[in-house]
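>>> mind folding the following:
(2 chains)
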Amino acid sequence: MKQTIWLIAVICFTLMLLCASQLPGNAEQKTPMGYELYSWQDSSGGWSFCVLYNTSSEKTVREVFNKKTELRGVDQLKHRISQLPTGASISWVNRLPTAASKPKAKGSEGLKYPPTEIMEDVKRFAEAHGVTIFGQAPQ
Amino acid sequence: MPNPLRITISNTRARSSCRILLDPSTWGKPQPGDAAGLQPQNFTNCIQIKVAARADGLKNGKNGECPCDFYKVRLYFTPNFGGDPNNGPDYHWYRQDSNGGWSSKHGWMPVGPQLPNTNAVDKDAASPSSGGYGVFCGTMCVASH
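Below you'll find the model as predicted:
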């Protein structure tokens, strides 16, 4: 009888440890979980994207349109999303500064949302990877 | 409390507050100085942020304390978000709740777990998962009403 109780206790403890290790946002989390997604259309009509960390500060035009971080096309965007940690959230942004009450920053006029079908496709992909996309802001 | 989106400074001269934006209709990132009508700026140090926040009606804390009818906020700064030299500077606020604990929020993420004291806040702010805000700029005071 004592052995059975002891065995059950060990199993429960092991399960608890296992569950705790699966929780997003546990003590081992090393990466920020908030991101911002910017989108714009290039001269050929293709869509480009940029995924940056979420910050309190507004991003600059230089940060958003940085060739080093530019993602060309939906496939590259999806690949980037698949690299984000499970439980991450993304805010899809269509202007700089983000508040609609302020005038757009010079050089950011091209920022806009892609058509709904593209947005929904990306959102579904993200959800399947445990990433939530928030949007869209008032146009 | 409704699900807040972002702790930020947003107030009027007559009524200052460290506001938690409440829903997506308030989409955007209100910045220190907005309420006072200051020109948008890229904050590169603590002093710039505090000057803008004071323009919005916040006060500097004295020895980390605030007058009655004010609540405390703690301001943190990093010259490179996440400690990555490719990232720009950023700041982050923590607000003292009515029960004495501290809370903050990163963008559209849920409000983080409440922190019990300022030591825990310092540690949380500097952690890589928060963005590595290693510079404590100071305590500021926000009018409660």
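>>> center of chain A, which residue is that?
A:I90 (3.2 Å; CA atoms, centre = their mean).
>>> surely that one meets A:V51?
Yes: contact criterion CB atoms under 8 Å: A:I90 and A:V51 qualify, at 7.0 Å. In this view, the C-beta of every residue, glycine as well, is placed from N, C-alpha and C.
>>> overlap of the contact sets of those two?
Taking CB atoms under 8 Å, 6 or more residues apart in numbering or on different chains as the criterion, A:I90 and A:V51 both touch A:Y35, A:E36, A:L37, A:I81, A:L84.
>>> where does the second one sit: helix, strand or coil?
Assigned state for A:E36: strand (three-state reduction, DSSP: H, G, I helix; E, B strand; the rest coil).
>>> surely it meets A:S57?
No: the pair A:E36 and A:S57 fails to qualify as a contact (CB under 8 Å) at a distance of 11.0 Å.
>>> looking at these two, which is more packed in?
Using other CB atoms under 10 Å in any protein chain shown as the criterion, A:E36 and A:S57 rank with A:E36 on top: 23 against 20.
>>> compute the distance between that one and chain B, please.
7 Å (CB to the nearest CB, to the nearest Å).
>>> residues in contact with that residue?
A:V51, A:L52, A:Y53, A:N54, A:T55, A:K59, A:I90, A:S91, A:V93, B:G107.
>>> and the residue of chain A that's closest to chain B?
At 3.1 Å from chain B, A:A99 is the closest residue in chain A, using CB to the nearest CB.
>>> sorry, back to before: what pLDDT does the residue nearest to the centre of chain A get?
pLDDT for A:I90: 94.
>>> identify the bridge partners of the residue nearest to the spatial centre of chain B.
The centroid of chain B falls nearest to B:W93 when counting by CA atoms, centre = their mean (2.2 Å). On the basis of DSSP bridges, B:W93 is bridged to B:L75.
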